[in-house]
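Trainee: sharing a model prediction with you, sequence too.
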Amino acid sequence: MQFLFLQNEKIYFMKYTFLILVAFIGLTSCSDAKKDKFLLAKNQVGLVNANTQVHEIDALFESDSVVRMNLEDRFRTQVQDLEIYNTEGEKLMVLEPRKEKDSTANFKQVQVVHANFKTEKGLGPDSTFKDIYENYEIGKIQNTFMSVLISIEGIDAFVSINKKQLPEQLRTGSEIEIRASQIPDDAKIQHFWMNFTLDEEK
């Protein structure tokens with residue numbers, strides 16, 4: 001009887017250990033999936049990458065809302081950006097297709113809106129200029145009428161910072177050259193974009 005009791009205890013322990021292991025693997029998988037859903041990397045914005053086609057978006061975001069916006073760019077060409085909203089009505093991103101009215105077209109650019117999106121180094125739409133230069137190499141800095149555009153090497157991204165956050169002497173005009181050392185550490189990112197590059201463009 002004691003032998004049978006020990007055998008049953010051993011079987012119970014093995015089953016319990018197995019269930020714990022399965023639960024741990026499940027939690028790890030869910031955590032990785034959630035991370036990938038909001039990961040920013042070169043040619044990747046969460047579930048969307050450089051090879052994603054327009055017709056795939058509805059399936060990728062089946063639990064979210066996909067809104068198609070008919071716009072006209074500066075060359076008076078009709079384009080249809082796709083805005084993605086989560087179930088709480090918060091905007092996640094804006095996708096810009098390479099071709100108009102082509103369901104097989106890829107995307108050339110994504111405006112990342114929601115703060116959950118982050119690179120592996122923690123950079124996202126709610127970051128500051130300090131977060132950029134401490135983790136990435138800064139490319140070109142362009143002075144525009146209202147903002148400063150900053151390209152970020154390595155992840156093929158660029159951001160805008162409102163010039164109201166700059167020293168007063170740099171806020172007017174677009175002819176002045178603005179250097180990285182003149183941008184305050186705590187200047188917040190206004191808009192965040194990721195560029196997508198296809199293999200044939202490399």
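Mentor: Yes, it's here.
Trainee: show me the domain layout of this protein.
Mentor: Using automatic domain parsing, the domains assigned to the chain come out as 2-37, 41-201.
Trainee: lowest-confidence stretch among the ones you listed?
Mentor: Among the domains of the chain, domain 2-37 has the lowest mean pLDDT, at a mean of 51.
Trainee: rewinding a little: as JSON lines, the domains of the chain with mean neighbour count would be great.
Mentor: (Each C-beta comes from the backbone N, C-alpha and C, glycine too.) Below are the domains of the chain laid out as JSON lines (neighbours: other Cβ atoms under 10 Å):
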{"stretch": "domain 2-37", "mean neighbour count": "10"}
{"stretch": "domain 41-201", "mean neighbour count": "15"}
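Trainee: would you map the helices across the chain?
Mentor: Assigned by DSSP state H, the chain shows helices spanning 2-37, 57-60, 129-133.
Trainee: test my guess that Val110 contacts Leu95.
Mentor: Yes - applying Cβ atoms under 8 Å as the test, Val110 and Leu95 come out as touching, 5.5 Å apart.
Trainee: who touches both of the two?
Mentor: Val48 (Cβ atoms under 8 Å, 6 or more residues apart in numbering).
Trainee: mind jotting down where the strands sit in this protein?
Mentor: Along the chain, counting by DSSP state E, strands occupy 40-41, 44-45, 48-49, 65-72, 78-85, 91-97, 107-112, 138-143, 147-152, 157-162, 191-195.
Trainee: show me the one of those that comes nearest Gln169.
Mentor: Closest of these to Gln169 is strand 138-143, at 12.5 Å (criterion: Cβ to Cβ).
Trainee: quick one: distance of the closest one to the chain centre.
Mentor: 20 Å (Cα atoms, centre = their mean, to the nearest Å).
Trainee: ok, and what's touching that strand?
Mentor: 132, 148-153, 158, 173-180.
Trainee: of the residues you listed, which is the nearest to Phe196?
Mentor: Phe158 (12.7 Å).
Trainee: show me what the closest one is bridged to.
Mentor: Ser151, Trp193 (DSSP bridges).
Trainee: make sure it is actually in contact with Ser147.
Mentor: No - Phe158 is not in contact with Ser147 according to Cβ under 8 Å; the separation is 11.0 Å.
Trainee: picking up where we left off before, and of the strands of the chain, who's closest to Thr119?
Mentor: Among the strands of the chain, strand 40-41 sits nearest to Thr119 (Cβ to Cβ), with 4.6 Å.
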